[in-house]
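sequence and predicted structure are below.
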Amino acid sequence: MAVGKRILVVGGVAAGPSAASKAARTNPDAHVTLFELTDTISYGICEIPFFLAGEVRQEDLVVHTPASLGKEKGVEVRTLQLVESISTARRTIVVREVATGRVYEERFDRLVLATGARPRPLNLAGEQARNVFPVRSYDGACALRRYLETEHPRNVVIVGGGYIGIEMAEALRSRECEVTVLERRNEILHDLDAPARAFVADILARRGVRLVAGAQVVALPVDASQRVSHVLTPDGSYPADLVIVATGVIPATELAGTAGIRLGTRGGILVDQRMQTSVDGIFAAGDCCEYRDIVTRKWVYAPLATNANRAGWVAGQNAAGGRAAFPGVLRSTALRVFDGEVARTGLTAEEARDAGLHVVAETITSRSRVPVMPGSAPLSVSLTAEHETGRILGGTLWGTEGAVLRSHALAVALHQGMTLEQFQKTDFAYAPPFSPLWDPLLIAANALEKLRTHGTRP
């Protein structure tokens with residue numbers, strides 16, 4: 001077989017199937033094989049909280065089956081296969097069949113690693129109890145759904161106040177559970193601007209979610225039924241029929257590390273714009289990688305489905321002989337919390353200062369529509385720019401409507417390196433049911449540019 005024709009992909013979910021599909025499409029003559037440890041290769045991991053709330057059906061979580069990926073994309077899929085090692089010199093991988101224990105070698109011309117991430121453990125006795133669940137996989141989500149429907153837990157403790165923890169709080173309140181969120185930091189959603197965090201905290205309090213900040217979990221006592229009965233912190237004990245661990249993830253890079261592939265300070269695989277690793281012919285994509293931040297050009301770890309899918313496409317195309325580039329990440333994220341929504345893209349003012357930038361920041365509150373229109377609601381924008389140049393660095397938006405979709409315009413501005421002055425001249429669509437005559441984003445840009453150039457607020 002000619003060089004470049006044997007392409008192996010390790011890992012499923014988002015990046016792996018994207019890479020495999022794009023490789024097969026880029027080079028129809030290539031033989032593309034995907035190896036996955038579980039029997040579910042591609043599913044919507046971000047939809048898990050909504051599946052648990054009953055908004056999404058289990059069958060709709062699965063994006064591709066092994067059969068559909070083979071038929072529609074021309075990819076050979078091998079499930080229940082554990083890739084144990086990589087020989088970069090011999091260009092082979094060692095694979096173990098989970099069901100039989102058989103070990104075999106597979107040769108590659110190009111290799112794509114999409115090994116993802118694993119839940120960050122609490123490292124406490126009791127973490128394996130039958131009522132303790134991380135929120136990270138399809139199988140885990142199905143097991144948790146069964147537990148909810150058969151055990152009917154009343155008191156739920158969520159360990160972690162990030163995006164998944166907050167989404168899980170909403171999902172479980174919809175099931176009429178009493179929910180307590182324990183966050184070890186002094187605030188939830190630490191990567192949002194402070195007013196946006198306060199907005200979310202207020203909604204959660206009104207919806208009956210108890211938030212406890214600065215709460216470090218120190219013990220998970222297990223009773224005779226092998227369940228955690230309560231969650232202990234230095235400042236209190238919280239009864240628990242169910243414990244959700246939502247403390248974030250860490251890159252699963254042991255396979256790459258033992259093969260001598262270069263890793264970053266956060267443990268992720270370092271890749272160039274072609275998604276190639278430090279070893280020629282070996283690419284990587286998804287939550288196992290670190291990426292360049294578009295604004296600062298520094299390495300960041302941003303385990304988001306959008307990044308995984310886009311990076312997977314680039315890795316697959318280049319593994320198959322194409323020429324594609326991944327520009328980096330803005331860490332654009334969005335959150336629905338009951339009747340509210342929050343979005344961020346780029347840097348907050350605090351993050352920009354930590355990166356060594358001289359910044360100016362402003363927060364405004366406007367309306368989502370023309371004030372006289374039904375449904376018009378307050379909408380806030382926090383915008384950050386570089387003081388010397390006016391280059392937009394990032395922003396956060398929040399309200400009960402219109403925040404998330406407006407953030408897309410801001411993300412485009414960041415990709416293009418626009419200044420406040422340039423952004424002010426953008427021709428936004430206007431109609432009373434959708435936006436005020438001056439969109440909140442433009443009001444924020446105008447206010448920040450006046451503050452930057454004149455030191456005064458309008």
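Sure, I can see it.

what's the neighbour count on the residue lying closest to Ile282 once chain neighbours are set aside?
Residue nearest to Ile282 in three dimensions, not counting chain neighbours: Leu111, with 4.7 Å by Cβ to Cβ, 6 or more residues apart in numbering. Just so you know, the C-beta spots here come from the backbone N, C-alpha and C atoms, and that holds for glycine as well. When neighbours are defined as other Cβ atoms under 10 Å, Leu111 has 25 of them.

ok, now Leu232?
Neighbours of Leu232 (other Cβ under 10 Å): 17.

list the contacts of it.
Leu232 makes contact with Val217, Val218, Ala219, Leu220, Pro221 under the criterion Cβ atoms under 8 Å, 6 or more residues apart in numbering.

ok, it to Gly162 distance?
Noted for Leu232: a distance of 21 Å to Gly162, by Cβ to Cβ, to the nearest Å.

in helices, which of the contacts of Leu232 fall?
Counting by DSSP state H, the contacts of Leu232 place none of their members in helices.

what's the closest of the residues you listed to Val360?
Using Cβ to Cβ, Val217 is the member of the contacts of Leu232 that lies nearest Val360, at 38.9 Å.

which residues in the stretch 151-300 of the chain form helices?
Assignment of helices within the stretch 151-300 of the chain using DSSP state H, counting those that start in this stretch yields the ranges 163-173, 194-206, 254-258.

if you count neighbours, what's buried in the second one?
Neighbour-count burial for helix 194-206, counted by 16 or more other Cβ atoms under 10 Å, picks out Ala196, Arg197, Phe199, Val200, Ala201, Ile203, Leu204.

need the contact partners of it.
Contact partners of helix 194-206, identified using Cβ under 8 Å, 6+ apart, comprise 166, 169, 181, 187-190, 192, 211, 335, 337-340, 342, 344, 363, 380, 382, 396, 398.

let's see 7 Å
Here helix 194-206 makes contact (Cβ atoms under 7 Å, 6 or more residues apart in numbering) with 166, 169, 187-189, 211, 337-338, 340, 342, 363, 380, 382, 396, 398.

what about the closest residue to Val62 other than its chain neighbours, how many neighbours?
Nearest residue to Val62, sequence neighbours excluded (Cβ to Cβ, 6+ apart): Tyr43, at 5.1 Å. Using other Cβ under 10 Å, Tyr43 is surrounded by 25 other residues.

got it, and Val9?
Neighbourhood size, Val9 [other Cβ under 10 Å]: 34.

among the buried residues of helix 194-206, which one lies nearest to Val329?
Distance to Val329 across the buried residues of helix 194-206 (Cβ to Cβ) is lowest for Ala196, with 19.8 Å.

quick check: that closest one vs Leu69, distance?
39 Å.

again, but for Val228
38 Å.

follow-up on the earlier one: name the nearest of the buried residues of helix 194-206 relative to Leu144.
Within the buried residues of helix 194-206, the smallest distance to Leu144 is 20.7 Å, found for Leu204 (Cβ to Cβ).

ok so, going back, what is the nearest of the contacts of Leu232 to Ala444?
Distance to Ala444 across the contacts of Leu232 (Cβ to Cβ) is lowest for Val217, with 38.3 Å.

is it true that that closest one touches Leu182?
Yes. Under the criterion of Cβ atoms under 7 Å, Val217 makes contact with Leu182 at 6.1 Å.

the more surrounded of the two?
Taking neighbours as other Cβ under 10 Å, Val217 and Leu182 compare with Leu182 leading, 24 against 21.
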